[in-house]
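*Asks:* Sequence and predicted structure below; questions after.
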Amino acid sequence: MKDSVNLKRAYSIAYKEVRHIVRDPFTLGLALGLPLFMVLFFGLAMDFNVHDIHLTAYDCDHSRSSRQLPEAFESSGYFRVRQEPLAGDPAAVLNSNQAKAVLVIPPRFGRYVVSRQDSPVQVLIDGTDNSTAGVIGGYMNGIQSAANGRLANAAASPLAVLKTRYLFNPELNSRWFTVPGLSAVVLAIISILLTSMTVAREWENGSMELLLSTPVHPVEIILGKLAPYVVLGLSAQALIYFLARLYFGIPFLGSHLLFIVGTFLFVSSYMALGLLVSVATRQQILAMQFSMMIGMLPNILLSGFIFPIENMPRFFQILTMFFPARWFVQVIRGVFLRGSDLSQLAVPLLAMMAMALLFVTAAVRRFKRDVEP
């Protein structure tokens, strides 16, 4: 086997791999169709905005003011209010899952409002789903202000008015947050599966031994195997980009060049990791199991896709640094929503570059040990 690396031989291996991909509709579907479907499907399914919250109102006062209070909940657009007679247990309504929240208006509520006295109103929230309960609790401040405005009938204006403006996502649309992060998770899973399954299949079929019988360097094999699938990964990201922009309406405020460079480094790192898994296992079943183990749960839980990294314990914050998905989520959300430039994304890009080089080097060295015992 020659010691020097010949890029022409690497090109020949890549050309052979391209012909194999073109003749294999399963690989094309896995690389291009599946990411598009998963982002579309889960992008529609995952919605952190809570709407149509069922709220049961118990009016113990039956005054004009007590009728206006449920109207404030209804007009907010988040709640669907249902009035219940006085005979009933509010906790039983929550226990039977008939409502997510219960509003209890006490007697003499209208008198307290007219006399400008504080009148406590009880709101019971189902806390079994803490994320939904937290969102409902967050709605209460705005609804309280709207209700006070209705009940006070244009009382004296306050001395200071706080106006909140949400930057980068003015409507707090959760899909603007989830779809870019979801694309990172989906690309990671598909990238590691593509290279691990393809090369492992060649080991099982015996075609890899035929290739190794020629004067070819392991680096040439790794580069030749890696290049076509990196192009496929970039193509998949291009389809996801158009889906995010045209269907989900997500703005793109950053540099397309940084977006392409970040995607290239991210896809290269996970495909090199897939090659490493394939070289180490040489079996499709084992390669799939290891790929899913490495590519799915860690990327969902430790990438910042759903759970903020800064809220994790210190050990897990450090652990996330060893996953390229953690850095790519920062890049893709930065270029989409914040318009981040190179100075702001330098650390994530350098981290992904280092991991891509590390995985390629490890795959080459492991491959060389295997073919030259």
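*Replies:* On my side now, so go ahead.

*Asks:* C-alpha only now, for contacts and for neighbours.
*Replies:* Will do.

*Asks:* In the chain, which helix is the longest?
*Replies:* With DSSP state H applied, the helix covering the greatest number of residues in the chain is identified as helix 174-205.

*Asks:* Give me the buried positions along that helix.
*Replies:* Of the residues in helix 174-205, 175-203 count as buried by neighbour count, 16 or more other CA atoms under 10 Å.

*Asks:* I'd like the mean pLDDT over it, please.
*Replies:* In this model, helix 174-205 has an average pLDDT of 85.

*Asks:* go on, stretch 95-109?
*Replies:* When pLDDT is averaged along stretch 95-109, the result is 84.

*Asks:* Equivalent analysis for stretch 4-17, please.
*Replies:* Averaging pLDDT residue by residue across stretch 4-17 gives 83.

*Asks:* Contacts for that stretch, please.
*Replies:* Applying CA atoms under 8 Å, 6 or more residues apart in numbering, the external contacts of stretch 4-17 come out as Val216, His217, Val219, Glu220, Ile221, Leu223, Gly224, Lys225, Leu226, Ala227, Pro228.

*Asks:* Would you mind checking these for buried ones?
*Replies:* When those are checked against 16+ other CA under 10 Å, the ones flagged as buried are Val216, His217, Val219, Glu220, Ile221, Leu223, Gly224, Lys225, Leu226, Ala227, Pro228.

*Asks:* Return the member of those residues nearest to Ser269.
*Replies:* Leu226 (10.1 Å; CA to CA).

*Asks:* phi, psi of that closest one?
*Replies:* Summarising the backbone geometry of Leu226 under the convention degrees, to the nearest 10, its torsions are phi -80, psi -40.

*Asks:* okay but it is in contact with Met271, surely?
*Replies:* Yes. Under the criterion of CA atoms under 8 Å, Leu226 lies in contact with Met271, with a separation of 6.9 Å.

*Asks:* Need the overlap of contacts for these two.
*Replies:* Going by CA under 8 Å, 6+ apart, residues that sit against Leu226 and also against Met271 are Thr195.

*Asks:* all strands of the stretch 51-200 of the chain, in order?
*Replies:* Read by DSSP state E, counting those that start in this stretch, the stretch 51-200 of the chain holds these strands, from start to end of the chain: 53-59, 79-84, 101-105, 122-125.

*Asks:* Make TSV from those and add mean neighbour count and distance to Leu94 to it.
*Replies:* Output for those, formatted as TSV (neighbours: other CA atoms under 10 Å; distance: least, CA to CA, whole Å):
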stretch	mean neighbour count	distance to Leu94
strand 53-59	22	9
strand 79-84	17	13
strand 101-105	23	7
strand 122-125	16	8
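
*Asks:* between those, which one is nearest to Glu310?
*Replies:* Each of the strands of the stretch 51-200 of the chain was scored for nearness to Glu310 using CA to CA, and the closest is strand 122-125 (27.7 Å).

*Asks:* who does the closest one touch, helix- and strand-wise?
*Replies:* When contacts are defined as 3 or more CA pairs under 8 Å, 6 or more residues apart in numbering; DSSP states H and E, strand 122-125 sits against helix 90-95, strand 101-105.

*Asks:* now the ones you listed as a markdown table including distance to Thr128?
*Replies:* As requested, the helices and strands packed on strand 122-125 are arranged in a markdown table below (distance: least, CA to CA, whole Å):
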| stretch | distance to Thr128 |
| --- | --- |
| helix 90-95 | 10 |
| strand 101-105 | 12 |
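
*Asks:* Arg64 is nearest to which of the ones you listed?
*Replies:* Distances from Arg64 to each of the helices and strands packed on strand 122-125 were compared by CA to CA, and the smallest falls on strand 101-105, at 12.2 Å.

*Asks:* May I have that closest one as CSV, with CA atoms only?
*Replies:* These are the backbone C-alpha positions of strand 101-105, laid out as CSV (Å, rounded to 0.1, in the frame of the first residue of the first chain):
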residue,chain,number,x,y,z
ALA,A,101,-57.6,25.9,35.2
VAL,A,102,-60.5,26.9,37.4
LEU,A,103,-61.5,30.5,38.2
VAL,A,104,-63.3,31.0,41.5
ILE,A,105,-64.9,34.4,42.0
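
*Asks:* Ramachandran angles for the residue of the chain most remote from its centre?
*Replies:* Checked against the mean C-alpha position of the chain, the extreme residue using CA atoms, centre = their mean is Ser115, at a distance of 50.8 Å. With angles defined as degrees, to the nearest 10, Ser115 sits at phi -90, psi 10.

*Asks:* ok, it to Ser4 distance?
*Replies:* When distance is defined by CA to CA, to the nearest Å, Ser115 is 92 Å away from Ser4.

*Asks:* Same check on Leu286?
*Replies:* Noted for Leu286: a distance of 32 Å to Ser4, by CA to CA.

*Asks:* do Pro70 as well
*Replies:* 78 Å.

*Asks:* try Asn97
*Replies:* Separation of Asn97 from Ser4 (CA to CA) stands at 70 Å.
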